[in-house]
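In: A predicted structure for the sequence below; I have some questions about it.
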Amino acid sequence: MPITPFRVLTIIIFFFFINNNILLSHSSTLPEKLTRSAFQLRNHTAISEFRVLNRRHLIECPDPSPYLQVNISSNRGLSDDEYVTVNVTGVLLPSRSHWLGMISPSHSNVTTCIENAAKYAQTGDFSSLPLLCHYPVKAQYVSNDPGYLNCSKKECKRRVGGKCALKTCGATLTFHVINIRTDIEFVLFGGGFQTPCILKRSEPVSFANPNKPLYGHMSSIDSTGTSMRLTWVSGDQNPQQVQYGNGQTATSSVSTFSQADMCTSSLLESPAVDFGWHDPGYIHSAVLRGLHPSTTYSYKYGSDSVGWSDEITLKTPPAGGSDELKFLAYGDMGKAPLDSSAEHYIQPGSVSVAEAMADEVPNIDSIFHIGDISYATGFLVEWDFFLHLISPLASRVSYMTAIGNHERDYMESGSVYVTPDSGGECGVPYETYFPMPTPGQDKPWYSIEQGPVHFIVMSTEHNWSVNSEQYQWMNKDMAAVDRTRTPWLIFAGHRPMYSSSPGLPILPSVDSNFVDAVEPLLLANKVDLVLFGHVHNYERTCAVYQQKCKAIPKKDGNGIDTYDNTNYSAPVHAVIGMAGFTLDPFTQHNSWSLSRIAKFGYIRAHATKNELKVEFVNANSTNVDDSFRIIKS
């Protein structure tokens, strides 16, 4: 069948629709097969009413109560991290459909955007106009106050003959607010998330210091352990400083990005350039030099004009080739609200995982986060919430990352997969917030050595085909590893080669073309351990190649599975995408799969010259639910 322009358009809309995690509201107008696929993907994509709020009708509200008020407890400037109390008063008829949206900046248009209707097709919502313009940062139903619907908070507004002739009702809600630099307001809506209408707006309130330096996180720039990069966010475009050690200083370079830097399509514009945009402020980055590996330092960052961070303790990683390394690793983390709010995209396990890892930080050297970092997906304010979540971890040890589909993928952008999973970000925010020691812009692959481990971190979203630039780099890098210096070779990337959660035919978890191209490199270079994410669970294989077990581990004296790589057979693969996103069930049983756990957590690893021990830590119980060892004589 010839591929006509109409068929091309249909295919593009189909991929936009199913992969941008939005369910059609008027699906009856689409082909039955497309509609059916949408409903099959509903659970996979974590659809909620709030997530399609921007594409809803904005109806005319009936005349609201003349007594209606929305007041913020904090009329002073907001701090960098606080719980804001919002009081709703003067309500005549409490309704389950009333909700409060947190809007930033306060001058944003929360009325209608009739002229932008063509942009909204990417969300998969083809409903009729008018449509709500601006996306709230977060929202709560007013009935979250248990006394709202029964009007337990009463006020008398008019008395007749000494008796109350007119009473109104109220509610109190709490919102967790962090410094996102732009002012905020709270808007009371009626009509729920389906048919919203504006009832009342609060007065706007600003942050006490929108220029405050915040959300610092460390990364390694090489394998020596003598230099570290600190990256942080501020509303101030002037260079700032890091003060560390005994009087040492480093000055920041400053960067940012704009809507013009985001990806979009002439056919369907992206959230990142439209309703999901939020000003990122300025991203500062400074390199701390003259350090010693495996050493503790204190530092702070900022300036006298905008303020300083708290003093923080950093531990540098061990130098490549040294005897020992302790690290944590995981993928697919994201963030979740610390209040009762709905947000654009919530990864329910992220908070418990971050809290559990915070207790580990004093005892580890580094962290590896292998793709699907914040899940902002074109809603830029969510990067701030993610950076706030990981700061207690990432400010204290080296925090290394790999790019995932939700950071990079977008049609016509050069990514391997043309799905719009990044919401138009196309890797720009990711590479700005997380500068890794890569060979160049939009070439997010690198290698680094820490202790006895050589890590090679690839991008599954960029061309990995045989003879591609990335393929040639991987082959050259792995072939050059000195295994007497770093006996362990760990390969990491986002999309897996093995999974017992195969996904859907249209969205398979494993790309066979990727496996065919790259798996032979792993065997040829004697990779010991392969770490992937993307699938949201934990799974460990035998020593596997081309779907066949080349070696089965044996139990040691403590009952722990032990792989003996003295006589190398094949890599061990571990899927570790269980750090936040809603967990995936296992629907297959494969001979190469030895351990399958659908729980939130992370892996803890300890490498010495002769042993690599890996444990899966259940974040809720902090128990070790799986462990294995790889040994060499």
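Out: Here it is on my side, so go on. Residues are numbered from 1 along each chain as shown.

In: spit out the contact partners of Glu382.
Out: Glu382 sits next to Lys335, Glu343, His344, Tyr345, Ser374, Tyr375, Ala376 when contact means Cβ atoms under 8 Å, 6 or more residues apart in numbering. (C-beta placed from N, C-alpha, C; glycine too.)

In: quick one: secondary structure of it?
Out: Secondary structure, DSSP: H, G, I helix; E, B strand; the rest coil: Glu382 is helix.

In: now the helices for the protein?
Out: Under the criterion DSSP state H, the chain contains helices at 5-19, 32-40, 350-358, 381-394, 405-408, 428-433, 469-479, 512-524.

In: most tightly packed of these?
Out: helix 405-408 (a mean of 28; mean count of other Cβ atoms under 10 Å).

In: ok so, going back, which ones among the contacts of Glu382 lie within strands?
Out: Nothing among those maps onto strands, per DSSP state E.

In: would you mind listing which of these are buried?
Out: Those of the contacts of Glu382 that meet the buried threshold are Lys335, Glu343, His344, Tyr345, Ser374, Tyr375, Ala376, by 16 or more other Cβ atoms under 10 Å.

In: using a markdown table, lay out these together with pLDDT and distance to Thr313.
Out: Below are the buried ones among the contacts of Glu382 laid out as a markdown table (pLDDT from 0 to 100; distance: Cβ to Cβ, whole Å):
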| residue | pLDDT | distance to Thr313 |
| --- | --- | --- |
| Lys335 | 97 | 24 |
| Glu343 | 91 | 31 |
| His344 | 88 | 34 |
| Tyr345 | 88 | 32 |
| Ser374 | 97 | 25 |
| Tyr375 | 95 | 29 |
| Ala376 | 94 | 29 |
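
In: nearest to Tyr301 among those?
Out: Set against Tyr301, the nearest of these by Cβ to Cβ is Ser374 (21.0 Å).

In: residues touching that closest one, list them.
Out: Gly334, Lys335, Glu382, Trp383, Phe385, Phe386, Leu387.

In: and the nearest residue to it once chain neighbours are set aside, how far from Asn467?
Out: With Cβ to Cβ, 6 or more residues apart in numbering as the criterion, Ser374 has its nearest non-adjacent residue at 3.6 Å, and that residue is Phe386. Distance, Phe386 to Asn467, by Cβ to Cβ, to the nearest Å: 36 Å.

In: was I right about Val527 contacting Phe491?
Out: Yes - in terms of Cβ atoms under 8 Å, Val527 counts as a neighbour of Phe491; the distance is 4.7 Å.

In: between these two, what contacts are shared?
Out: By Cβ under 8 Å, 6+ apart, Val527 and Phe491 have these common neighbours: Met478, Pro571.

In: just the buried positions in stretch 215-235, please.
Out: 215-221, 223-226, 228-235.

In: now do the same end-to-end measure for it.
Out: 12 Å (Cα to Cα, to the nearest Å).

In: then stretch 543-552?
Out: Start-to-end, stretch 543-552 (Cα to Cα) is 6 Å.

In: what residues does it touch?
Out: Here stretch 543-552 has contacts from 498, 519, 523, 541-542, 553, 563-564, 569-573, 590-592, using Cβ under 8 Å, 6+ apart.

In: now that stretch: average pLDDT?
Out: Averaging the model's pLDDT scores along stretch 543-552 yields 98.

In: can you check stretch 469-482 too?
Out: Mean predicted lDDT for stretch 469-482 stands at 98.

In: same thing with stretch 594-605?
Out: pLDDT averaged over stretch 594-605 gives 98.

In: cool, stretch 447-465 as well?
Out: 98.

In: what is the end-to-end distance of that stretch?
Out: 19 Å.

In: residues of that stretch that come out buried?
Out: Those would be 447-462, 464, for stretch 447-465 by 16+ other Cβ under 10 Å.

In: can you check stretch 503-514 too?
Out: Those would be Leu507, Ser509, Val510, Asp511, Phe514, for stretch 503-514 by 16+ other Cβ under 10 Å.

In: same question for stretch 166-175.
Out: Thr168, Cys169, Gly170, Ala171, Thr172, Leu173, Thr174, Phe175.

In: present those residues as CSV; the columns should include distance to Asp421 and pLDDT.
Out: Output for these, formatted as CSV (distance: Cβ to Cβ, whole Å; pLDDT from 0 to 100):
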residue, distance to Asp421, pLDDT
Thr168, 46, 96
Cys169, 43, 97
Gly170, 42, 97
Ala171, 37, 98
Thr172, 38, 98
Leu173, 32, 98
Thr174, 33, 97
Phe175, 29, 97
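
In: return the distance of the residue nearest to Ser374 relative to Pro435.
Out: When distance is defined by Cβ to Cβ, Phe386 is 16 Å away from Pro435.

In: same question, Ile403
Out: 12 Å.

In: any low-confidence regions in the protein?
Out: 1-48, 52, 54-59, 75, 109-133, 267-268 (pLDDT under 70).

In: could you redo the last one with a cut-off of 50?
Out: Low-confidence segments of the chain, defined by pLDDT under 50: 1-46, 120, 122-130.

In: pop the domain breakdown of it in here.
Out: As assigned by the TED database, the chain contains the domains 32-201, 322-631.
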